[in-house]
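In: Just to be clear, the model below is a prediction. Sequence and coordinates:
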Protein chains: 2
Amino acid sequence: MQSVRIAGVAVTPFGEHPERTGRDLFAQASDDALEGSGIPRTDIDEVLYGNFIGEVTEDQGHQGPLVAEVVGTTAASTRFESACASGGVAMRAGVRAVRSGDADVVLVGGMERMTNVDVHHATDALALAADDLHERRVGMTFPGAYALLTEAYFREYGGSREELAAVAVKNHENALDNENAHLQQEISTEDVLDAPPIAEPVGLYDACPISDGAAAVVLVSDEYTDEHDLDAPVAVTGTGQRSDTLALQRRANRAATPATEQAAEAAYEMAGVTAADIDLVEVHDCFTIAEVLAIEALGFYDPGEGISAAAAGETTRDGELPVNLSGGLKAKGHPVGATGVAQIAELTELLAGEHVHSDAVPDARVGLAHNAGGTVASAVVHVLEVVA
Amino acid sequence: MQSVRIAGVAVTPFGEHPERTGRDLFAQASDDALEGSGIPRTDIDEVLYGNFIGEVTEDQGHQGPLVAEVVGTTAASTRFESACASGGVAMRAGVRAVRSGDADVVLVGGMERMTNVDVHHATDALALAADDLHERRVGMTFPGAYALLTEAYFREYGGSREELAAVAVKNHENALDNENAHLQQEISTEDVLDAPPIAEPVGLYDACPISDGAAAVVLVSDEYTDEHDLDAPVAVTGTGQRSDTLALQRRANRAATPATEQAAEAAYEMAGVTAADIDLVEVHDCFTIAEVLAIEALGFYDPGEGISAAAAGETTRDGELPVNLSGGLKAKGHPVGATGVAQIAELTELLAGEHVHSDAVPDARVGLAHNAGGTVASAVVHVLEVVA
């Protein structure tokens, strides 16, 4: 197997860009990532691209060939959809394309355009990630679904809205200096607790915003890296993906996310590391409870202990395990198809010492990215390591 | 690299099943394919699944974990969308999963449910495969797009509606004995010529029907085949995929489909064969002109000669190169996400001597499947060979 190196990364500003088309946003990310890598687009062997609901928000399916056209290639170009894990799933396919030796250079990207439709339309569109028969058509949307997870967690382990608020406060603080973040605004615990409820116990500041944006990553083989003398110090050394029931009602325990746990086990095994080796992580914090569930399922904290660790500041910039230094989905924003790819981009820059927050983790060698779809019915985990 | 064997295949009856859910259709195909393979579902390492427009026709995105749940696994399960090539793209990912050594057993499937919405809604939904900015929003639907391709071909090379009709007549004849075919009805050249025009020069009988259905294929590694003493005589030896501009207006020549040509070149090279080695083919004949363009781009006929070859009967059951012995999309039906997988299933049975039409090709050793999306903006080609 080839080792997989990251030769270039880019993220567009996340936020409200209702006047920009999806192809325009993706062009910006892919142009920047390719330029950063120094690799000519004629060398691209494949394009792997994540998008969740382009059919609904932009009347555009079949975006694989569309983004190939944007990039200027007739290479194989495939669109992946796994709800909010679409970008992570595309990333995983890119890693396999290079590892298998089928490709030397792949462009992995993701994009979502969501603020061109009104917020109710966007919320309805996002609900297409839920089980239609058992959830969506009886009125469940994702704030409600994550309220159920929050309640289940509180019931099982205790914990309070105040403790959960620490996740939001931290991620907003991390986003302050991230020029691509959607919400560059400091918030207090009181702000979170006093925010309007959107599905109790979930309040407005427990939820990530609805954002537009794109991200791209250029993956290359070791061989190509050496031949072209590329500056690509970070490698993808582990990848894992697992599934869970689509409908929440079919789960034995709603205070846990086994798909994340199993995906992490696979990624750790492939990378030959354990949770103890991880220096920093980007996790899928679409709601505050999601970050807590993630850091437990990834093996950093025992079940029920993630919330007190977050409240105690262990996951802040100066904590033992910095989580979501980028600001996370909560404050960086969540243009769905782009999210999983943007996590890889931010993590790569953090590990390479090129991120605004790299100073907070000067000795970091191993990072982890966690991307999830729906109520973690799909989960993708990648391990990244500094190898050069 | 592992060699990739086909251990089980299944196709549901294609046709109008508006009362059946997508998950129900897929359960039938996946259960049958797994049962045929004799492989326990606990051995499935990954599920790769094609679906085009579930969000629009069934209010259901995020179908990856949904079909994993149907199958009864928590393995990685990914939904691929590449318009009418969604199934072929999923198949290609399944082949890579096994070839790379990442998986020993994968379930590749596809499903589309289309007749539960009215025909205008379905036609609008299919148009999401076209370029929204340049085609869909100015009113182009796929009958119109293929009318443009037909006109361009007639203008470039000559040819008539009567010659094209031979494709429809042949494929209807082939479907007569295929119990899973949507249209089991003999038609004459006059029927085709006298059918109502839907976008001149394309008439109703130049077009495939709108169908519901599902298909599934179990792929296994050589190693797993040997260890479990499986009956899996057919292997996938080549795969190729390429892209073209999404909008027709951006193409230099609308009488050719270079994405198919390039995908075939890649698949031939990987399999170590040429067009001359192929004994029978299943091609993407969503419209009659599509079959002609395909057999030219795949290298069986020079540009402009496919139409006279079809008219001369060279591609019939008893011809030199049997094309679409299954009945093709034209008569077997076209439940979009299932189509590319169903082609593999039919071709496997034909090569293994288990198809109703296997007698027509008793010495066949090498087959080819061609699946296309939009106006061949995406194309996927697989080469299958009898190896045991």
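Out: In hand now; what should we look at? Residues are numbered from 1 along each chain as shown, chains lettered A, B, ... in the order given.

In: Tell me how many other residues crowd A:Ser378.
Out: A:Ser378 has 34 neighbouring residues, counting by other CB atoms under 10 Å in any protein chain shown. No exception for glycine: its C-beta is placed from N, CA and C like everyone else's.

In: Could you verify my assumption that it touches A:Ser82?
Out: Yes. Between A:Ser378 and A:Ser82 there is a contact at 4.7 Å, judged by CB atoms under 8 Å.

In: what is in contact with the two at once?
Out: Taking CB atoms under 8 Å, 6 or more residues apart in numbering or on different chains as the contact rule, A:Ser378 and A:Ser82 both touch A:89, B:62, B:64-65.

In: Nearest to A:Arg365, out of these: which one, please.
Out: Lowest distance from A:Arg365 to the shared contacts of A:Ser378 and A:Ser82 (CB to CB) belongs to A:Val89, with 26.0 Å.

In: In which helix or strand does that closest one reside?
Out: Element membership for A:Val89 (DSSP states H and E) is helix A:86-99.

In: How about A:Glu223?
Out: Assigned by DSSP H and E, A:Glu223 falls in helix A:222-227.

In: now the following helix or strand past that helix: mean pLDDT?
Out: The helix or strand immediately downstream of helix A:222-227 is strand A:234-243, counting by DSSP H and E. What strand A:234-243 shows for mean pLDDT is 98.

In: Now do strand A:234-243 and helix A:86-99, the angle between them.
Out: Angle between the axes of strand A:234-243 and helix A:86-99 is 120 degrees (criterion: axes from the mean of the first three to the mean of the last three CA atoms, to 10 degrees).

In: So how do I select the buried members of the shared contacts of A:Ser378 and A:Ser82 in PyMOL?
Out: To isolate the buried ones among the shared contacts of A:Ser378 and A:Ser82 in PyMOL, judged by 16 or more other CB atoms under 10 Å in any protein chain shown, type:
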select buried, (chain A and resi 89) or (chain B and resi 62+64+65)
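
In: ok, whichever residue of the stretch 251-388 of chain A sits closest to chain B - contacts?
Out: Nearest residue of the stretch 251-388 of chain A to chain B: A:Ala377, at 3.9 Å (CB to the nearest CB). Applying CB under 8 Å, 6+ apart to A:Ala377 gives the contacts A:83, A:129, A:243-246, A:259, B:62, B:65-66.

In: Send me the helix holding A:Val89 as PDB with only the CA atoms.
Out: C-alpha atoms of helix A:86-99 as PDB (Å, rounded to 0.1, in the frame of the first residue of the first chain):
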ATOM      1  CA  SER A  86     -20.600  13.500   2.900                       C
ATOM      2  CA  GLY A  87     -17.200  15.300   3.000                       C
ATOM      3  CA  GLY A  88     -15.600  12.700   5.300                       C
ATOM      4  CA  VAL A  89     -16.900   9.800   3.100                       C
ATOM      5  CA  ALA A  90     -15.400  11.500   0.000                       C
ATOM      6  CA  MET A  91     -12.100  11.900   1.900                       C
ATOM      7  CA  ARG A  92     -12.100   8.300   2.700                       C
ATOM      8  CA  ALA A  93     -12.600   7.300  -0.900                       C
ATOM      9  CA  GLY A  94      -9.700   9.600  -1.900                       C
ATOM     10  CA  VAL A  95      -7.500   8.000   0.700                       C
ATOM     11  CA  ARG A  96      -8.300   4.600  -0.800                       C
ATOM     12  CA  ALA A  97      -7.800   5.700  -4.300                       C
ATOM     13  CA  VAL A  98      -4.200   6.700  -3.400                       C
ATOM     14  CA  ARG A  99      -3.500   3.800  -1.000                       C
END
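
In: Toward the C-terminus, what is the element adjacent to that helix?
Out: Counting by DSSP H and E, what follows helix A:86-99 is strand A:105-112.

In: Given that following strand, what are its sheet partners and their directions?
Out: When pairing is defined by DSSP bridges, strand A:105-112 lines up against strand A:46-50 (parallel), strand A:213-221 (antiparallel).

In: Off-centre distance for it?
Out: 13 Å (CA atoms, centre = their mean, to the nearest Å).

In: Following element in sequence after that strand, please.
Out: helix A:119-126.

In: What helices and strands are in contact with that next one?
Out: When contacts are defined as 3 or more CB pairs under 8 Å, 6 or more residues apart in numbering or on different chains; DSSP states H and E, helix A:119-126 sits against helix A:54-57, helix A:142-157.

In: one step back: quick one: mean pLDDT for the helix holding A:Val89?
Out: Summarised as a single mean, pLDDT over helix A:86-99 is 98.

In: Could you do stretch A:343-363 as well?
Out: 97.

In: How far away from the center of its chain is that stretch?
Out: 15 Å.

In: Other residues contacting that stretch?
Out: By CB under 8 Å, 6+ apart, stretch A:343-363 touches A:6, A:9-11, A:33, A:87-88, A:91, A:108, A:174, A:177-179, A:215-217, A:233-234, A:236, A:279-280, A:282, A:284, A:317-318, A:322, A:325-326, A:332, A:364-365, A:367-371, A:382, A:384-386.

In: What ranges in the stretch 1-150 of chain A fall below the confidence cut-off?
Out: A:1-2 (pLDDT under 70).

In: all strands for the stretch 251-388 of chain A, in order.
Out: A:280-282, A:366-373, A:378-386 (DSSP state E, counting those that start in this stretch).

In: so how far is the second one from its chain's centroid?
Out: Same thing as strand A:366-373. That offset, for strand A:366-373, works out to 6 Å (CA atoms, centre = their mean).

In: Can you flag which of the shared contacts of A:Ser378 and A:Ser82 belong to helices?
Out: Those of those mapping onto helices are A:89, B:64-65, per DSSP state H.

In: In contact with the residue most central in space within chain A, which residues?
Out: Of all residues in chain A, the one closest to the mean position by CA atoms, centre = their mean is A:Gly340, 3.3 Å from it. Residues counted as contacts of A:Gly340 (CB under 8 Å, 6+ apart) are A:50, A:85-91, A:110, A:369, A:371, A:380.

In: try 10 Å
Out: Contacts for A:Gly340 were tallied using CB atoms under 10 Å, 6 or more residues apart in numbering or on different chains; they are A:50, A:80, A:82, A:84-92, A:108, A:110, A:215, A:217, A:282, A:284, A:369-373, A:380, A:382.

In: cool, and A:Thr141?
Out: A:120, A:123-124, A:126-127, A:130, A:135, A:198-199.

In: repeat that for 6 Å
Out: A:123, A:127 (CB atoms under 6 Å, 6 or more residues apart in numbering or on different chains).

In: backbone phi and psi for it, please?
Out: phi -120, psi 180 (degrees, to the nearest 10).

In: Report the separation between it and chain B.
Out: Computed as CB to the nearest CB, to the nearest Å, the A:Thr141 to chain B distance reads 13 Å.

In: rewinding a little: which one of the helices and strands packed on helix A:119-126 is the most hemmed in?
Out: Of all the helices and strands packed on helix A:119-126, helix A:54-57 has the most neighbours on average by mean count of other CB atoms under 10 Å in any protein chain shown, namely a mean of 24.

In: That one: how far from the chain's middle?
Out: 20 Å.

In: same thing with stretch A:333-345?
Out: 5 Å.

In: how near is A:Thr260 to B:Gly304?
Out: Distance, A:Thr260 to B:Gly304, by CB to CB, to the nearest Å: 56 Å.

In: What residues does the stretch 1-150 of chain A have near chain B?
Out: A:55-56, A:59-62, A:64-66, A:68-69, A:74, A:76-79, A:81-83, A:89, A:96, A:100, A:128-129, A:132 (CB under 6 Å from any CB of the partner chain).
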